[in-house]
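>>> predicted coordinates and the sequence they were generated for:
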Amino acid sequence: MTGVSVRVPGPSVREGRRHPVGAVVTALVRPTARSLPWTTMAAGWALGLAVAAVPALFSMDLPAEVLVTVVRAAALCGAVGTAFVLDDPARHTTGVPPVPRPLRQALRAAVVAPAVVAWWAAVLAVVRAGADPARRAALPSGAVTVEAGALCALALALAAATVRFSQVRVPGPAVAGAVLALPITAGVLLPPRFALFVPPSDPHWDDAHVRWAAVLVTALVAWLLCGPEPRRRRRGPRRRGPGPGPGGGAQATA
């Protein structure tokens, strides 16, 4: 048959047109969720939830100061689990993806965020369930939530800095160790008036949580700054050595 045009499916004429960011993010959600180390992260979160459940399981009548310490220990376990968010063993074995690193890291954090929020709500609920009404009302949920957010953000910033300034594909173990050492380091290096881990009865409680909020903001800014790909040095054109001499032979060097 002649005069009949058959339309073969293929790429659009506008091949150079960029895809909308929303479409790219939607397409990457499922593979990003599959690539995350859920088992390792869930182990840290489960440990934190188990620590928070100890007073309720053993019917321990603990004062508010001790309950805050329990919640802090649970938050520290959660930050250890969050330290593995950026782990990617295939980071240097695959080709350079067309999606920039800040978007990839933000997508990994966004996929994990609902699980972290649900876990933290469960931690607070379990701790409240094991306390009597008076101590339950005295538990400063908002303040300890700021602490937990700062710890998780700090773990994320340390992981991003490790990925940015090294060739490490799995920064989680090193970052988890740094997060676990944070209470000891802060207690040793910080003077008492700048302490972070203070009890609720301490007169510097409010000032300490202003500092916790500053840690949270600083960690998020550091994460954003460490997100871009490292700049590669441009190599200039190769300089050719001196050509052969007039006699046609190369000049010998001693």
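Great, that's in hand. Residues are numbered from 1 along each chain as shown.

>>> give me phi/psi at residue 137?
In terms of degrees, to the nearest 10, the main-chain angles of residue 137 are phi -70, psi -30.

>>> gap between it and residue 131?
In this structure, residue 137 lies at 9 Å from residue 131, with Cβ to Cβ, to the nearest Å as the measure. Heads up, the C-betas are built off the backbone N, CA and C, glycines and all.

>>> look at those two and report which has more neighbours.
Residue environment comparison for residue 137 versus residue 131 gives the larger neighbour count to residue 131, 21 against 10, counting by other Cβ atoms under 10 Å.

>>> I'd guessed the more buried one sits against residue 62; true?
Yes. With contacts defined as Cβ atoms under 8 Å, residue 131 counts as touching residue 62 at a distance of 7.2 Å.

>>> quick one: contacts for residue 170?
By Cβ atoms under 8 Å, 6 or more residues apart in numbering, the residues touching residue 170 are 84, 87-89.

>>> which residues in the protein form helices?
Listed in chain order, the helices of the chain (DSSP state H) span residues 21-35, 38-57, 64-82, 101-129, 133-138, 141-165, 172-180, 182-189, 205-225.

>>> what's the local residue count around the residue lying closest to residue 41 once chain neighbours are set aside?
Residue nearest to residue 41 in three dimensions, not counting chain neighbours: residue 81, with 4.3 Å by Cβ to Cβ, 6 or more residues apart in numbering. The burial metric for residue 81, expressed as a neighbour count using other Cβ under 10 Å, is 28.

>>> and if you look at residue 44?
Applying other Cβ under 10 Å, we find 23 other residues in the vicinity of residue 44.

>>> look up how far residue 172 lies from it.
In this structure, residue 44 and residue 172 are separated by 10 Å, where distance is defined by Cβ to Cβ.

>>> what sits against the closest residue to residue 33 other than its chain neighbours?
Excluding the flanking residues, the one nearest residue 33 by Cβ to Cβ, 6+ apart is residue 111, at 5.2 Å. Contacts for residue 111 were tallied using Cβ under 8 Å, 6+ apart; they are 29, 32-33, 36.

>>> circling back: overlap in contacts, residue 131 and residue 62.
In the contact map built from Cβ under 8 Å, 6+ apart, the residues linked to both residue 131 and residue 62 are residue 55.

>>> what's the burial count for the closest residue in space to residue 57 that isn't next to it in sequence?
Once its chain neighbours are removed from consideration, residue 57 has its nearest residue in residue 130; the separation is 7.6 Å (Cβ to Cβ, 6+ apart). Using other Cβ under 10 Å, residue 130 has 21 other residues around it.

>>> and what of the one 5 residues further on?
For residue 135, the number of neighbouring residues by other Cβ under 10 Å comes to 19.

>>> how near is the residue lying closest to it once chain neighbours are set aside to residue 74?
Spatially, and ignoring its direct neighbours in sequence, residue 135 is nearest to residue 64 (5.2 Å; Cβ to Cβ, 6+ apart). Residue 64 sits at a distance of 15 Å from residue 74 (criterion: Cβ to Cβ).

>>> those two: which has the busier surroundings?
Comparing residue 64 with residue 74 by other Cβ under 10 Å, the one with more neighbours is residue 74, at 28 against 18.

>>> got the contact list for residue 25?
Taking Cβ under 8 Å, 6+ apart, we find residue 25 in contact with 103, 107.

>>> same thing but at 7 Å, please
Contact analysis of residue 25 by Cβ atoms under 7 Å, 6 or more residues apart in numbering lists residue 107.
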